[in-house]
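> kindly return the folded structure for what I paste below:
(one chain, ligands or ions: 1)
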Amino acid sequence: MWPKTHLIDLLGIEHPIIQAPMAGSTTVELAAAVSNAGGIGSMGYSETSVETIREDAEKIRKLTDKPFNLNFFAHDTPVSKADVIESTRERLSPFYAQAGLSEIPRDVSKPLLTFTEEKLELLLEIKPPLVSFHFGLPESSAIELLKSAGCRILCSATTTAEAIALELAGVDLIVAQGWEAGGHRGSFDVNHEDHGIGIMALVPQIADAVNIPLIAAGGIADGRGIAAAFMLGACGVQMGTAFLSCPEASVSDVHLEAIRNAKDDDTRLTRAFSGRPARARRNNYIESMAVCRDPLPDFPTMYSLSGPLMATSGETLDFRFLLYGQAAALNREMPAAELVQTLVTEARNLL
Ligand SMILES: Cc1cc2nc3c(=O)[nH]c(=O)nc-3n(C[C@H](O)[C@H](O)[C@H](O)COP(=O)(O)O)c2cc1C
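Below you'll find the predicted structure:
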């Protein structure tokens, strides 16, 4: 029934639906439920320890014998620029005062914990069927090793140029991530102006430019979005926000309530929490920080400065980093397996 079968053939799955990796919100139960339902379940990892990732993979393999995806942030080692850190501390001082906090951290340096040598070694040992990256790729030697271990490699692109670079680097699959998407932009270089290409313009242009399977992501919430993605040239979709309303996801009550009340215009891109652009629910902190475009500390160093504010947010939206995309209002609250089945039925009817 699917007009293009590149993704399902490559991974040996039934439905071309990838549940997006979402660091902090994905659980082994969610990933396994989606894989068991015929899609691909994913785990998103930020600074998660090697031990936890190993345990997660063992748990997923107990829950399903179907393919799954482990995802990592691949980015440059953050550089601590003293003047940027100092000016950011000054900008944050009114927010710290508002939150009743006195001490703005001074030592914000962070070691690179996202995609480390130890994590690569673990992946070569446990050999997940699919390994995906965000913010670009790690070194080419890592990609070669993972591919020779039998892992398929997937990476997000936010422009056609990024997609072409990924194909040249030897990835197996590309996710075209549109501006509508919840969570961090997958852009490789955050220092250039992001012109925010929407999925409608991005997918067909990447489809014309590369010869590897293309997956559409961003604002896809139901069968209409899936059918449209195929019409635009994709052979599958990656959906994040839609799966946040599944009981298997790890989502706070405040986050879930924000999604329940979501409107198309209540998110925006912000660097104010992590140092990298991410689509999140707007609040006073995000709006105020957007007024000034001075540089902020590199990802993920900025978390050291925003972390104490986030910890004070309680039940309010203030200082909350609630990631979701522009189509959150279309979310349905149902178990992940039921959501996959619903999406497949809706898309099938349209296609
Ligand atoms: C809460 C949340 C967390 C995310 N975390 C990750 C992540 O850890 N790794 C990643 O590659 N993408 C991450 N993303 C982006 C997704 O891969 C995908 O591009 C996005 O969810 C698609 O847009 P949608 O949310 O409108 O479906 C995240 C998205 C959300 C909503």
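
> quick check: chain neighbours aside, which residue is closest to the residue of the chain positioned farthest from its centre?
Centroid-distance maximum for the chain: S102 at 33.0 Å, with CA atoms, centre = their mean. Residue nearest to S102 in three dimensions, not counting chain neighbours: Y96, with 7.2 Å by CB to CB, 6 or more residues apart in numbering. Placement of C-beta: from N, CA and C, glycine included.

> quick one, phi psi at the one you found?
Y96 has phi and psi values of phi -60, psi -40 when expressed as degrees, to the nearest 10.

> burial count for the residue of the stretch 201-350 of the chain found nearest the ligand?
Nearest to the ligand in the stretch 201-350 of the chain, going by CB to the nearest ligand atom, is G240, at a distance of 2.1 Å. Counted with other CB atoms under 10 Å, the neighbours of G240 add up to 26.

> same thing with the one 5 residues further on?
Applying the criterion other CB under 10 Å, we find 22 residues in the vicinity of S245.

> quick check: pLDDT value at it.
At S245, the pLDDT value in this model is 98.

> that one is in contact with E257, isn't it?
No. Using CB atoms under 8 Å, S245 is not in contact with E257; the gap is 11.0 Å.

> what residues are up against the residue nearest to S102?
102-104, 308-309 (CB atoms under 8 Å, 6 or more residues apart in numbering).

> distance of it relative to A249?
31 Å (CB to CB, to the nearest Å).

> check A37 too.
Counting by CB to CB, the separation of A37 from A249 is 14 Å.

> up against the ligand, what does this protein have?
By CB under 6 Å from any ligand atom, the residues of the chain that approach the ligand are 20-23, 25, 44, 71, 134, 156, 177, 180-184, 217-220, 238-242, 323-325, 327.

> keep only those of these that are in strands.
44, 71, 134, 156, 177, 183-184, 217, 238-239 (DSSP state E).

> if any of those are buried, put those into a PyMOL selection.
Here is the PyMOL command that selects only those of these that count as buried (16 or more other CB atoms under 10 Å):
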select buried, resi 44+71+134+156+177+183+184+217+238+239
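
> would you turn the ones in strands among the residues of the chain next to the ligand into a markdown table with pLDDT?
A markdown table is the format used below for these (pLDDT from 0 to 100):
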| residue | pLDDT |
| --- | --- |
| G44 | 98 |
| N71 | 98 |
| H134 | 97 |
| S156 | 98 |
| Q177 | 98 |
| G183 | 98 |
| H184 | 98 |
| A217 | 99 |
| Q238 | 99 |
| M239 | 99 |
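
> let me know the closest of the ones in strands among the residues of the chain next to the ligand to T301.
Using CB to CB, H184 comes nearest to T301 of those, at 14.7 Å.

> for that closest one, which non-adjacent residue is spatially closest?
Nearest one to H184, counting by CB to CB, 6+ apart, is A278 at 4.3 Å.

> what values do phi and psi take at the one you found?
phi -140, psi 140.

> I'd like the distance between the residue of the stretch 201-350 of the chain closest to the ligand and G178.
12 Å.

> joint contacts of these two?
Common neighbours of G240 and G178 (CB under 8 Å, 6+ apart) are A217.

> and the helix or strand containing Y303, what does it pack against?
Per DSSP states H and E: Y303 is located in helix 302-310. For helix 302-310, the elements it packs on are helix 82-98, judged by 3 or more CB pairs under 8 Å, 6 or more residues apart in numbering; DSSP states H and E.

> buried set for the helix it packs on?
By 16+ other CB under 10 Å, the buried positions in helix 82-98 come out as 84-85, 87-89, 91-92, 95-96.

> again, but for stretch 136-143
Quick answer for stretch 136-143 (16+ other CB under 10 Å): 136-138, 142-143.

> average pLDDT across that stretch?
Across stretch 136-143, pLDDT averages out at 97.

> ends of that stretch, how far apart?
12 Å (CA to CA, to the nearest Å).

> and stretch 168-177, by the same measure?
End-to-end distance for stretch 168-177, by CA to CA: 18 Å.

> other residues contacting that stretch?
7, 10, 18, 132, 137, 140, 143-144, 147, 152-158, 163, 166-167, 185-186, 199, 202-203, 206, 210, 212-218, 234, 238.

> again, but for stretch 302-319
85, 88-89, 92, 95-96, 99-101, 103-105, 108, 110, 254, 258, 271-275, 281, 283-285, 296-297, 320-321.

> follow-up on the earlier one: which one among the buried residues of stretch 136-143 gets closest to K263?
The nearest one, if we look at the buried residues of stretch 136-143 relative to K263 and count by CB to CB, is G136, at 32.2 Å.

> now that closest one: closest residue in space, sequence neighbours ignored.
That would be F188: by CB to CB, 6+ apart, it lies 3.9 Å from G136.

> what's the separation between that neighbour and the ligand?
For F188, the distance to the ligand equals 13 Å [CB to the nearest ligand atom, to the nearest Å].

> next up, the contacts around that residue.
135-136, 162, 165.

> E118: which of those residues is nearest?
F135 (19.1 Å).
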